[in-house]
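A.B. asks: can't give you the sequence, but here's the structure:
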């Protein structure tokens, strides 16, 4: 049930409201591999939330200003089908460089809670994001993204670097 609720939340937040069903969103789906992770990502963190080098997460990418995607870029990461971490990048993806995000999702990480927590509007920073191609179109079949995200998966001090490959999801 947790998985189902989490997946529904990720899709809703990434793809937009059901009321806009007729709207066309341009979305790529794929996987992200963690290439670097700080010690905070796995020390004193519940097993289901730990992030380490080599971890592979499902990921969805929704760039800004394509189809009806709107002005914000969104990237979501799903870890072991249990934790969901979505980034909302206001004004789109700053390439290359540093920016801030508002995160939303479901996490197992909490020092006080024994069950998953739903989180929203948790701020953080990203850096060194690189999207290839730099300006994909609604017909670009494959894209890749790499970058670094602080406080990944809502774990304080957890800084990861990832590389992701995506394929265009049919409309």
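C.D. replies: Structure's in. What do you need? The model shown is predicted, which means the values in this text are computed figures rather than measured ones. Residues are numbered from 1 along each chain as shown.
A.B. asks: Please count neighbours and contacts with C-alpha atoms only from this point.
C.D. replies: OK.
A.B. asks: what ranges do the strands span in this protein?
C.D. replies: 28-37, 56-62, 73-79, 83-89, 99-107, 117-132, 142-150, 159-168 (DSSP state E).
A.B. asks: Would you give the sheet partners of the third one, along with the direction of each?
C.D. replies: Strands adjacent to strand 73-79 in the sheet, as given by DSSP bridges, are strand 56-62 (antiparallel), strand 83-89 (antiparallel).
A.B. asks: Now do it and strand 99-107, the angle between them.
C.D. replies: 40 degrees (axes from the mean of the first three to the mean of the last three CA atoms, to 10 degrees).
A.B. asks: I'd like to check the angle between strand 73-79 and strand 28-37, please.
C.D. replies: Between the axes of strand 73-79 and strand 28-37, defined by the same axes, to 10 degrees, the angle is 70 degrees.
A.B. asks: do the longest one as well
C.D. replies: With the same axes, to 10 degrees as the criterion, the two stretches strand 117-132 and strand 28-37 enclose an angle of 90 degrees.
A.B. asks: where does this structure dip in pLDDT?
C.D. replies: 1-23, 48, 94-97, 108-116 (pLDDT under 70).
A.B. asks: Please repeat the previous calculation with a cut-off of 80.
C.D. replies: By pLDDT under 80, the low-scoring segments of the chain are 1-23, 44-49, 81-82, 93-98, 107-117, 171.
A.B. asks: Excluding chain neighbours, give the residue nearest to the residue nearest to the spatial centre of the chain in space.
C.D. replies: The geometric centre of the chain, computed from its C-alpha atoms, lies nearest to residue 76 (CA atoms, centre = their mean), at 2.4 Å. Leaving aside its sequence neighbours, residue 76 sits nearest to residue 86 (CA to CA, 6 or more residues apart in numbering; 4.0 Å).
A.B. asks: how deep is the one you found tucked in, by neighbour count?
C.D. replies: Residues lying near residue 86 (other CA atoms under 10 Å) number 28.
A.B. asks: Is it bridged to anything, and to what?
C.D. replies: If you apply DSSP bridges, the partners that residue 86 bridges to are residue 76, residue 104.
A.B. asks: any chance of the strands of the chain in TSV, with distance to residue 50 too?
C.D. replies: Shown next, in TSV, are these (distance: least, CA to CA, whole Å):
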stretch	distance to residue 50
strand 28-37	10
strand 56-62	12
strand 73-79	9
strand 83-89	10
strand 99-107	11
strand 117-132	16
strand 142-150	15
strand 159-168	12
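A.B. asks: Quickly compare those and say which is most buried.
C.D. replies: Of all the strands of the chain, strand 83-89 has the most neighbours on average by mean count of other CA atoms under 10 Å, namely a mean of 25.
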